[in-house]
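1. Would you be able to build a 3D model of this:
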Amino acid sequence: MTSKRQCLCCSLLCLFFCTVILQLCHNGLLKHVKHLLVKKQLHQTSLALSDIRRPQILTPFISTDPPSSSSVLSHHISFPHGDAVRDDVLNAPWVSVLRETLHKFPSKQLNLVASNGQFRSILLNWLISSLVKLPRPLDNVLVIALDSDLHTLLEERGVPSVYVDNTTVVSMDTEMQTRYSHIWITRTTVYRLISHWGYDIAVFDSDAILLQNPTQLFDTYKDVDMIGSAGSYPFLLGEKWGVTFCMGVALFRHTHRTELLWEVLAGTRNFSMDDQVKLNYALDECSIQWSPVHVQTETVLGECAADKLGGLRVAVLPHSVICRKAPCASSLYVLHRNSRKESSAKRQIARTYGVWYLRPNWTMIDSRTTGSTRLTGTEWLRAIARS
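-> Residues are numbered from 1 along each chain as shown. I've put the predicted structure just below:
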């Protein structure tokens with residue numbers, strides 16, 4: 001009997017140890033399989049990136065002309081805000097209007113500013129600064145009007161404008177993070193589409209007042225893909241780098257690397273609706289390396305790893321050129337001081353620095369006529385500007 005009990009105990013112990021060993025082997029096998037799957041996924045990602053990576057030259061990526069409507073709809077485009085953008089956005093009426101409007105410009109280099117009626121006076125002040133007050137006015141300016149009333153005003157006055165209804169851009173089930181989220185989503189969707197059509201685009205916030213034409217300044221950095229102004233937001237990356245890429249004044253050249261960046265923005269891990277946040281986290285994911293940071297006086301140059309975004313090259317202009325923080329230099333190109341987002345706060349800063357050009361009674365002047373013809377274009381902007 002004792003012998004049988006001992007055999008039974010030994011059998012149970014053997015069964016227990018075999019179960020433990022099998023479980024350990026099973027866990028190890030699972031880990032090994034997971035490791036192989038992850039390794040395979042990374043390898044496939046690397047191959048995909050190498051397939052779309054292009055030679056390191058700043059040449060157009062797509063046809064020099066905006067495509068026809070049918071080709072726009074058939075060609076896949078990834079938009080920076082991913083699921084927040086409607087699947088049928090390319091069917092929206094403004095897409096064909098935008099395409100036809102772009103054909104009217106003599107150059108593939110555009111200057112874009114987006115605004116809605118809430119910031120109407122801020123936009124008009126920007127237009128006066130850019131098209132009237134500068135010794136060398138800005139060329140090829142297009143307003144992305146985010147409401148119909150603003151577009152109607154600009155269209156009647158001969159200011160190039162395209163009305164983009166944000167309800168045709170932003171997905172209905174998207175929960176807005178702030179009251180400005182729909183603006184950020186809409187404008188970056190438009191910017192991405194124009195870039196996809198082969199244009200270099202300089203983008204401006206409507207409170208970024210031009211004191212000098214920045215075109216020659218941008219041309220100083222011909223070997224970079226993107227140019228921006230020095231920022232500090234998002235703050236975590238500002239602390240990490242000492243600078244961030246500010247979207248208030250920015251140039252996106254149409255290169256192979258920027259085309260890849262737009263694609264990456266659609267899938268970046270950061271889900272913020274703020275275009276500046278998404279862009280900077282995409283730069284962080286590409287392991288960008290910056291030159292020594294002296295944001296007050298020196299341009300900061302950055303370059304992504306060669307195997308990420310094709311080695312995208314970035315220039316961030318100092319506060320002495322595009323002033324975000326005091327003191328502002330006398331040789332300034334753009335005044336774009338930090339402020340609250342309300343139009344009243346932006347107006348007050350412009351007045352403080354002596355760059356508020358819009359007449360207080362501009363709406364009365366707006367109804368003025370010369371003979372039977374209304375003032376249009378720069379003539380109208382001069383009329384509503386303070387002398």
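2. can you give me the end-to-end distance of stretch 98-117?
-> 20 Å (CA to CA, to the nearest Å).
3. Now stretch 327-336: average pLDDT?
-> Stretch 327-336 comes out with an average pLDDT of 89.
4. likewise stretch 254-269?
-> Mean predicted lDDT for stretch 254-269 stands at 86.
5. which ones are touching T101?
-> By CB atoms under 8 Å, 6 or more residues apart in numbering, T101 lies in contact with 142, 160, 162. From N, CA and C alone the C-beta is placed, and that goes for glycine too.
6. Please list the members of those residues that lie in strands.
-> Among the contacts of T101, the members found in strands (DSSP state E) are 142, 162.
7. Spell out for me the PyMOL command that would select the buried members of the contacts of T101.
-> Selection command for PyMOL covering only the buried members of these, criterion 16 or more other CB atoms under 10 Å:
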select buried, resi 142+160+162
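8. can the contacts of T101 go into JSON lines with extra columns for distance to W126 and pLDDT?
-> Shown next, in JSON lines, are the contacts of T101 (distance: CB to CB, whole Å; pLDDT from 0 to 100):
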{"residue": "L142", "distance to W126": "13", "pLDDT": "98"}
{"residue": "P160", "distance to W126": "14", "pLDDT": "98"}
{"residue": "V162", "distance to W126": "17", "pLDDT": "98"}
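9. Out of the contacts of T101, the closest to G302 would be?
-> L142 (28.2 Å; CB to CB).
10. can you list the contacts of T101 in TSV and add distance to I77?
-> Formatted as TSV, these follow (distance: CB to CB, whole Å):
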residue	distance to I77
L142	19
P160	23
V162	18
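11. Which parts of the stretch 251-387 of the chain are helices?
-> For the stretch 251-387 of the chain, the helices defined by DSSP state H, counting those that start in this stretch occupy 256-265, 275-285, 343-352, 362-365, 377-384.
12. tell me which residues in the longest one are buried?
-> Buried residues in helix 275-285, defined by neighbour count with 16+ other CB under 10 Å: 275-285.
13. do stretch 169-189 as well
-> Buried-residue list, stretch 169-189, by 16+ other CB under 10 Å: 169-171, 174, 181-189.
14. ditto for stretch 302-320
-> 302-304, 308-310, 312-320.
15. Quick one: the strands in the stretch 51-200 of the chain, in order.
-> 109-115, 141-145, 161-163, 200-204 (DSSP state E, counting those that start in this stretch).
16. now for the third one, which elements pack on it?
-> By that I understand strand 161-163. Counting contacts by 3 or more CB pairs under 8 Å, 6 or more residues apart in numbering; DSSP states H and E, strand 161-163 is packed against helix 93-103, strand 141-145, helix 148-156.
17. among those, which is nearest H81?
-> That would be, of those and by CB to CB, strand 141-145, which comes in at 15.6 Å.
18. how much does the closest one deviate in direction from helix 93-103?
-> 170 degrees (axes from the mean of the first three to the mean of the last three CA atoms, to 10 degrees).
19. Now do strand 141-145: everything it contacts.
-> Contacts of strand 141-145 (CB under 8 Å, 6+ apart): 101-102, 105, 110-116, 123, 127, 130-131, 151, 154, 159-164, 186-187, 190.
20. One more: stretch 234-248?
-> 203-205, 207-208, 226, 228-233, 272, 275-277, 279-281, 283-284, 290, 293, 295, 300, 314, 316, 322, 324, 336.
21. From W262, how far out is R253?
-> 12 Å (CB to CB, to the nearest Å).
22. number of nearby residues for K240?
-> 13 (other CB atoms under 10 Å).
23. In which helix or strand does it reside?
-> Here K240, judged by DSSP states H and E, is contained in helix 235-241.
24. Okay, now the unreliable bits of this protein?
-> Within the chain, the stretches with pLDDT under 70 are 1-76, 268-271, 366-373.
25. Kindly list the longest strand within it.
-> Max-length strand for the chain by DSSP E is strand 244-252.
26. Could I get the CA-only coordinates of that strand as CSV?
-> C-alpha atoms of strand 244-252 as CSV (Å, rounded to 0.1, in the frame of the first residue of the first chain):
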residue,chain,number,x,y,z
THR,A,244,9.3,74.0,-31.6
PHE,A,245,8.1,74.5,-35.1
CYS,A,246,5.4,77.3,-35.1
MET,A,247,2.7,77.1,-37.7
GLY,A,248,1.8,80.8,-37.5
VAL,A,249,4.3,81.6,-40.3
ALA,A,250,5.5,78.5,-42.3
LEU,A,251,6.6,77.4,-45.7
PHE,A,252,6.0,73.9,-47.0
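27. What pairs with that strand, parallel or antiparallel?
-> Looking at strand 244-252 with DSSP bridges, its partner strands are strand 200-204 (antiparallel), strand 226-231 (antiparallel).
28. Render the CA-only coordinates of stretch 352-360 in CSV, please.
-> Extracted in CSV, the C-alpha atoms of stretch 352-360 (Å, rounded to 0.1, in the frame of the first residue of the first chain):
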residue,chain,number,x,y,z
THR,A,352,0.2,98.5,-29.3
TYR,A,353,2.9,97.9,-31.9
GLY,A,354,1.5,100.5,-34.3
VAL,A,355,0.5,97.9,-37.0
TRP,A,356,-3.3,98.2,-36.8
TYR,A,357,-4.1,99.6,-40.2
LEU,A,358,-7.8,99.1,-40.6
ARG,A,359,-10.0,102.2,-40.3
PRO,A,360,-12.5,102.1,-37.5
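29. between the helices of the stretch 251-387 of the chain, which one is nearest to S330?
-> Among those, the nearest to S330 by CB to CB is helix 343-352 (16.2 Å).
30. What residues sit buried inside that closest one?
-> For helix 343-352, burial by neighbour count (16+ other CB under 10 Å) applies to 343, 346-347, 349-350.
31. just to revisit the earlier point, columns distance to V243 on top of the helices of the stretch 251-387 of the chain, output as TSV?
-> As requested, those are arranged in TSV below (distance: least, CB to CB, whole Å):
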stretch	distance to V243
helix 256-265	18
helix 275-285	10
helix 343-352	22
helix 362-365	38
helix 377-384	35
